[in-house]
Every structure is written in C-alpha cells, then in structure tokens.
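Colleague: A structural model of the following input is requested.
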Amino acid sequence: MKCLILCAGYATRLYPLTENFPKPLLKIKDKTILDWLVDDIDTSKKVDEYVVISNAKYFSHFEVWAKTKSQNITVISDGTTSNETRLGAVKDIDFAIKTLNIRDDILVIAGDNVLDFSLVDFINYAESKGSSAVMRYYESDVQKLSKSGVLTINDSDLVLEMQEKPLKPNSNWCCPPFYFYKSKDALLIDTAIKNGCGVDAPGSFVSWLCNISKVFAMEMPGKRYDIGDLLSYEDVKINFKGIKKENKNGN
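Modeller: Numbers count the residues shown, from 1 in each chain. Now for the predicted structure:
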C-alpha cells in the first residue's frame, strides 16, 4: 500500500507564518503535523512508501524533513509556485499516480490535519470491507456543511451520494480528507477528470466514484483539528493531547 500525502497547498490564511514555510511542517507539541500522521500510520506495517506531494515553492522543506525519517518517503513537486496556479487536490493525486506509476491500493490524506485517534483503525476498516472507503463525522452546523463534502449513506455504511460544498446538505455526515482507494478505483482518477470531475477539493473524486464503485464510510472515532488560521493553530498547540491508541472501530 502507498500513502499519498497532499501537501501542495499554500495555506494563505496562515500568513505570515506559512508565507515561506509549509503548513504540514508546523510543530504541534514536539513533532510536526506530518510526523504525527506518518508515525501513526507506520504502526500498521502496511504502507511500504509514503509519497509527499508538494508544490515547487516548499519542495526543499519536505526533502529536508524526509531525510530525518526512517520510513520510505518520496517527495515530488507538482511544479506550481502560487495559490493561483495550484493544480487542485484531485489532479495532484493523479499526478503522483502517473509520475510514480503507482498500481497499489492507496491511502490519501491531507497533510495538514491533526487527529487524536489512530488512522490504523481506518486502514483496517477499509481492508475489512474490501472496497474503497472514506470517513465521516456528524456535523450539526449547516454553515460548516456547506463548506465541506457531505455524505448520504445506507444502514451498511455504503456511500449513496457525496455532495461537495452543497447549499442544501442532504445529511449531517461530513467527510474529512482521508480516503482509501482500491487500486482499480485509483486508476480511474484520470478518467474521472476527463469526464468533468472537480479537481480542487479532494472529495470530488469520491462524488464521482460512488456512482460506479462501492465506497464505504467509517464513522470517525475521535476528533480532527482543522488548522485554518493563526488562532486555531494556537488553540491546537494548547489543547492537542496526542493520539489515543485504544480506538478499535469494527466493520
């Protein structure tokens, strides 16, 4: 299994902190955000390569970071140099698959999120289903739902529909940026883009894929800290207590 880590954004809402430094390498406690994610996932012993997808501006920062890690980490640049020229998350995933000729199952994660639960549970859930999978959490705030991906699911966790930033959400199930794609589904990303799939939000591919392939949604077993601005970053530094390893989500 490969783990693709989306790190090509420019985090403009965190300027000046991230004007010349990538958001995923900001420190939370004694580790960077990427350290928390990679070190946790690596305990699964199921990922043989981590692929950090950067932009050209921050590429060297991630290369330096990768040299400090014991895991097999490949850093690639999508060639963009500004927020205005960014490819979009779906195109970045497609770029990585084509550049490295990836034919494995892939775990795709946003490199700027902090979690208090282990993503190993999610990997195990997806493998137990034998299908592509996403996560979901209950969101009561309609304003927040209208800025996110919203899932409609059945009683078996099967995704029936994924709305991307809907004006009128069909449910309260919000989809965070963590995805598991079976290899056969990951190879459809190029086709999806050619058929009009959105490319900016990473969940846009899920919206397209769930119409032709089975995608299941695991309920998130803990909290996700979304660092959107300087105030939220300071809040996470104070309140994040580490990853709870006792979560065991069944299928």
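Colleague: so where is the chain shaky, pLDDT-wise?
Modeller: The chain contains residues with pLDDT under 70 at 245-251.
Colleague: Where do the helices of the protein begin and end?
Modeller: For the chain, helices defined by DSSP state H occupy the ranges 33-42, 59-66, 89-100, 120-129, 142-145, 183-186, 189-194, 204-209, 230-239.
Colleague: Which residue is the nearest non-sequential neighbour of the residue nearest the centre of the chain?
Modeller: Nearest residue to the geometric centre of the chain (CA atoms, centre = their mean): I109, 2.4 Å. With sequence-adjacent residues excluded and distances taken as CB to CB, 6 or more residues apart in numbering, I109 is closest to F178, at 5.1 Å. In short, each C-beta sits where N, CA and C put it, glycine included.
Colleague: From N124, how far out is the one you found?
Modeller: 14 Å (CB to CB, to the nearest Å).
Colleague: Which residue of these two possesses the greater neighbour count?
Modeller: Per other CB atoms under 10 Å, whichever of F178 and N124 has more neighbours is F178, with 21 against 18.
Colleague: Touching, the more buried one and D112? I think so.
Modeller: No. Counting by CB atoms under 8 Å, F178 does not reach D112; the two are 12.0 Å apart.
Colleague: check contacts around the residue nearest to the centre of the chain.
Modeller: 3-6, 37, 41, 119, 177-179 (CB atoms under 8 Å, 6 or more residues apart in numbering).
Colleague: partners of it in the sheet?
Modeller: I5, F178 (DSSP bridges).
Colleague: Generate JSON lines for the helices of the chain, with distance to E161 as supplementary columns.
Modeller: Conversion of the helices of the chain to JSON lines gives the following (distance: least, CB to CB, whole Å):
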{"stretch": "helix 33-42", "distance to E161": "28"}
{"stretch": "helix 59-66", "distance to E161": "35"}
{"stretch": "helix 89-100", "distance to E161": "18"}
{"stretch": "helix 120-129", "distance to E161": "18"}
{"stretch": "helix 142-145", "distance to E161": "14"}
{"stretch": "helix 183-186", "distance to E161": "17"}
{"stretch": "helix 189-194", "distance to E161": "16"}
{"stretch": "helix 204-209", "distance to E161": "8"}
{"stretch": "helix 230-239", "distance to E161": "30"}
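Colleague: For N154, find the nearest of the ones you listed.
Modeller: Smallest distance to N154 across these (CB to CB): 13.4 Å, for helix 120-129.
Colleague: same for that closest one, what does it pack against?
Modeller: Contacts defined by 3 or more CB pairs under 8 Å, 6 or more residues apart in numbering; DSSP states H and E place helix 120-129 against helix 33-42, strand 132-138, strand 178-181, strand 215-219.
Colleague: hang on, the earlier thing: need the contact list for the residue nearest to I109.
Modeller: 107-110, 113, 119, 122, 134-135.
Colleague: One more: H61?
Modeller: H61 neighbours (CB under 8 Å, 6+ apart): 21-22, 25, 54.
Colleague: gap between it and Q71?
Modeller: As for H61, its distance to Q71 is 17 Å (criterion: CB to CB).
Colleague: again with S131
Modeller: Where Q71 is concerned, S131 sits at a distance of 26 Å (CB to CB).
Colleague: Give me the more crowded residue out of these two.
Modeller: S131 (17 against 14).
Colleague: Show me which residues of stretch 72-80 are buried.
Modeller: Using 16 or more other CB atoms under 10 Å as the test for burial, stretch 72-80 gives 73, 75-78, 80.
Colleague: ok, L34 touching G111?
Modeller: Yes. Using CB under 8 Å, L34 is in contact with G111, at 5.7 Å.
Colleague: Give me the common contacts of those two.
Modeller: Common contacts of L34 and G111 (CB under 8 Å, 6+ apart): 5, 7, 24, 52.
Colleague: Let me see the contact set for the first one.
Modeller: Taking CB under 8 Å, 6+ apart as the definition of contact, the neighbours of I5 are 24, 34, 37-38, 50-53, 109-111.
Colleague: This completes my enquiry, with thanks.
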